[in-house]
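**Student:** Make a model of this:
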Amino acid sequence: MKGFLKTLSPFAPDQSGAVGALYELGGVIVICDAGGCAGNICGFDEPRWRTKKSAVFSAGLRDMDAVFGRDDQLIEKLKKAVHGDAAFTSVIGTPVPAVIGTDLRALDRLSERATGLPGVNVDTDGTALYDEGQRKAYKRLFDVFAADKYPVEKGRVGLVGVTPLEVSRLDADQKAKAVYGEKAFCAGFGSGLEEVRRMSANEYNVAVGPSAVEACELLRARFGTPYQKEYPFLPDDFDVPGANRTLIVAGQYAAEAIRARCTGETRVASWFRMDRALTKPGDARLETEDDFIAFVRDFMPDVIVGDAYLKRAVPDFTGAWADLPQLAVSGRLID
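**Tutor:** Model prediction:
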């Protein structure tokens, strides 16, 4: 069964990824649920909730609201939630609207008429993982706001795809400047909507994960802005033990940065989105816990690089383990 986990907890879902992409941009974000999904996002998947303010609400759907699809009541709640300096509204899909067939694009138009603000609804459904929600949110965000052409500024670099779920750290904006220069910024992480509006001024963009590629392609098609695929967020002191066979279980772009430090045969496996252009023979997209167990059994690595939480699935593995916390997997941040 796709996504079946026996000893591991569920990974961060697509609605969490969508909220993470929009969290710092000044919008009114409404999670279209009865309260549970919003609680999981703010309590577990979005660590900025404890340090940075954002207008994130639950729609508070009751049983009959879901049964009858009362979009008018949702719009009324949205109007009441809009504050004076709100930049946009965003309704984030969950399993409830997916099951009853809510048309989130139609809600875009209704909310725009009701509030006078742009709508950036994201049609997540709770059945995919965080990276799919990020992919949809970034593409929708840039399609709406990165519309005007500005002169290109030398040294201005935009990193796309940076959320706590993707990089598992809260100092990513500082790290970006240390690597790419003072004009570098992470779109939606330590920066606001104005930087998104001015994406055309970037000398180039950096996709830090597969979920950012479509948005970067949109910007290249619209403005001619080139982009590259890089992951600059590994801990400076992260060390991979020498081995004949190394298995890296992480987000693909992070795994590629680790692979560059490895010796011997190295393979990458991930439960998250894989970019075919970077996938090498022997790499694998994992669908179930049994896929991971079988991969370890068949490849017989000397070293596994990945979140230590994954040890629960392979208790018989006797090789070395290099711990790399992954928020979307275990809820842990890199210290």
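**Student:** Can you show me the strands along the stretch 151-300 of the chain?
**Tutor:** Taking DSSP state E, counting those that start in this stretch, the strands of the stretch 151-300 of the chain run over residues 157-160, 185-186, 204-207, 227-229, 245-249, 265-270, 284-285.
**Student:** next SSE after the lowest-mean-pLDDT helix or strand in the chain?
**Tutor:** Ranked by mean pLDDT, DSSP states H and E, the weakest helix or strand in the chain is helix 63-68, scoring a mean of 59. Per DSSP states H and E, the first helix or strand lying C-terminal to helix 63-68 is helix 71-81.
**Student:** neighbours of V179, just the number please.
**Tutor:** V179: 14 surrounding residues under other C-beta atoms under 10 Å. Just so you know, the C-beta spots here come from the backbone N, C-alpha and C atoms, and that holds for glycine as well.
**Student:** roughly how far apart are the closest residue to it other than its chain neighbours and M274?
**Tutor:** If the residues on either side of it in the chain are set aside, V179 comes closest to P232, at 4.4 Å by C-beta to C-beta, 6 or more residues apart in numbering. Counting by C-beta to C-beta, to the nearest Å, the gap from P232 to M274 is 20 Å.
**Student:** Pick the most deeply packed of the strands of the stretch 151-300 of the chain.
**Tutor:** Ranked by mean neighbour count, those are led by strand 157-160 with a mean of 28 (mean count of other C-beta atoms under 10 Å).
**Student:** Okay, now the sheet partners of it, with direction.
**Tutor:** strand 185-186 (parallel), strand 204-207 (parallel) (DSSP bridges).
**Student:** quick one, what contacts E46?
**Tutor:** 16, 19-20, 23, 56, 164 (C-beta atoms under 8 Å, 6 or more residues apart in numbering).
**Student:** Correction: the previous question concerned Y309.
**Tutor:** So Y309 contacts 8, 329-330, 332 (C-beta under 8 Å, 6+ apart).
**Student:** what pLDDT does it get?
**Tutor:** With respect to pLDDT, Y309 scores 97.
**Student:** does it count as helix, strand or coil?
**Tutor:** helix (DSSP: H, G, I helix; E, B strand; the rest coil).
**Student:** repeat for the one 3 residues further on
**Tutor:** Of the three states, R312 takes helix according to three-state DSSP.
**Student:** residues contacting it?
**Tutor:** 7-8.
**Student:** Equivalent analysis for R197, please.
**Tutor:** Here R197 is in contact with 145-148 (criterion: C-beta under 8 Å, 6+ apart).
**Student:** Mind putting those into JSON lines with neighbour count and secondary structure?
**Tutor:** Putting the contacts of R197 into JSON lines (neighbours: other C-beta atoms under 10 Å; DSSP: H, G, I helix; E, B strand; the rest coil) gives the following:
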{"residue": "F145", "neighbour count": "20", "secondary structure": "helix"}
{"residue": "A146", "neighbour count": "24", "secondary structure": "coil"}
{"residue": "A147", "neighbour count": "12", "secondary structure": "coil"}
{"residue": "D148", "neighbour count": "11", "secondary structure": "coil"}
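**Student:** mind listing what V82 touches?
**Tutor:** 28, 89, 115, 117.
**Student:** Which of the residues you listed sits closest to A172?
**Tutor:** If you rank those by distance to A172 using C-beta to C-beta, V28 comes first, at 24.4 Å.
**Student:** Pretty sure F88 is one of the things that closest one touches, is it not?
**Tutor:** Yes. With contact defined as C-beta atoms under 8 Å, V28 reaches F88; the gap is 7.5 Å.
**Student:** list the residues that contact both of these two?
**Tutor:** Going by C-beta under 8 Å, 6+ apart, residues that sit against V28 and also against F88 are L117.
**Student:** Indicate which one of the strands of the stretch 151-300 of the chain is closest to L170.
**Tutor:** Of all the strands of the stretch 151-300 of the chain, strand 185-186 comes closest under C-beta to C-beta, at 11.3 Å.
**Student:** residues making contact with the closest one?
**Tutor:** 157-159, 162, 172-173, 176-177, 191, 195.
**Student:** Looking at those residues, which are in helices?
**Tutor:** Using DSSP state H, the subset of the contacts of strand 185-186 located in helices is 172-173, 176-177, 195.
**Student:** follow-up on the earlier one: can you lay out the strands of the stretch 151-300 of the chain as a markdown table showing mean pLDDT and distance to D307?
**Tutor:** Below are these laid out as a markdown table (pLDDT from 0 to 100; distance: least, C-beta to C-beta, whole Å):
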| stretch | mean pLDDT | distance to D307 |
| --- | --- | --- |
| strand 157-160 | 98 | 23 |
| strand 185-186 | 98 | 22 |
| strand 204-207 | 98 | 22 |
| strand 227-229 | 98 | 22 |
| strand 245-249 | 98 | 8 |
| strand 265-270 | 98 | 12 |
| strand 284-285 | 97 | 17 |
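**Student:** Those: which one's closest to D125?
**Tutor:** Here strand 284-285 is closest among these (C-beta to C-beta), at 19.6 Å.
**Student:** Can you tell me the strand partners of that closest one and which way each runs?
**Tutor:** strand 265-270 (parallel).
**Student:** any chance of the strands paired with strand 157-160 in a markdown table, with distance to M300 too?
**Tutor:** Below are the strands paired with strand 157-160 laid out as a markdown table (distance: least, C-beta to C-beta, whole Å):
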| stretch | distance to M300 |
| --- | --- |
| strand 185-186 | 38 |
| strand 204-207 | 33 |
